[in-house]
Structures are given as structure tokens and as C-alpha cells.
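*Asks:* Okay, here's the prediction I keep looking at, along with the sequence it came from:
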Amino acid sequence: MTDSTRKKSDSKQGASSPSFIKLAMKNMVRKGRQSILHFSLTAVGCIALIITIAWLGRPTLPH
């Protein structure tokens with residue numbers, strides 16, 4: 001094989017490797033409880049951030 005054919009066959013093998021999303025999902029299944037905990041903490045943190053920003057940016061209405 002020449003160098004150009006070898007590079008083409010190497011790139012084809014790289015394309016058939018699992019995607020990042022598939023590897024991440026496989027990892028989540030393998031580490032179930034820890035992944036759920038991290039996801040929950042992230043979700044709670046994002047909601048808390050949004051509520052805090054909304055509370056700080058609320059308009060003050062005259063009575």
C-alpha cells in the first residue's frame with residue numbers, strides 16, 4: 001500500500017469508531033448512581049442560578 005491509500009484506510013477506521021455521545025452514554029450506564037447525582041446537582045444549580053438572577057433583576061414597582 002502506498003502512503004495515500006494507508007491514510008485513507010486509517011481515516012475510514014477512525015470514522016467508524018463510536019462517537020463521543022455514544023461513549024458518554026455508555027459511561028453513564030456504567031456509573032449510574034454517580035451520573036444521576038452529578039446530573040441532579042447540575043440541574044439544581046442551574047435552576048438556582050436562574051432564580052437568583054431573576055430575583056436580583058426584578059423590577060421595583062411603585063406603590
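*Replies:* Everything's here; your move.

*Asks:* show me where pLDDT drops low in this structure?
*Replies:* Filtered on pLDDT under 70, the chain yields the residue ranges 1-16.

*Asks:* How are the helices of it distributed by residue range?
*Replies:* Using DSSP state H, the helices of the chain run over 3-15, 20-30, 32-56.

*Asks:* TSV please, covering those helices and showing distance to residue 63.
*Replies:* To be clear about C-beta, it is placed using only N, CA and C from the backbone, and glycine gets the same treatment. Converted to TSV, the helices of the chain look like this (distance: least, C-beta to C-beta, whole Å):
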stretch	distance to residue 63
helix 3-15	65
helix 20-30	51
helix 32-56	19
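
*Asks:* Mind putting those helices into a markdown table with mean neighbour count?
*Replies:* Formatted as a markdown table, the helices of the chain follow (neighbours: other C-beta atoms under 10 Å):
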| stretch | mean neighbour count |
| --- | --- |
| helix 3-15 | 9 |
| helix 20-30 | 11 |
| helix 32-56 | 10 |
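
*Asks:* Out of those helices, flag the one nearest residue 62.
*Replies:* Closest of the helices of the chain to residue 62 is helix 32-56, at 19.2 Å (criterion: C-beta to C-beta).

*Asks:* Also compute the angle for the closest one relative to helix 20-30, please.
*Replies:* Counting by axes from the mean of the first three to the mean of the last three C-alpha atoms, to 10 degrees, helix 32-56 points 110 degrees away from the direction of helix 20-30.
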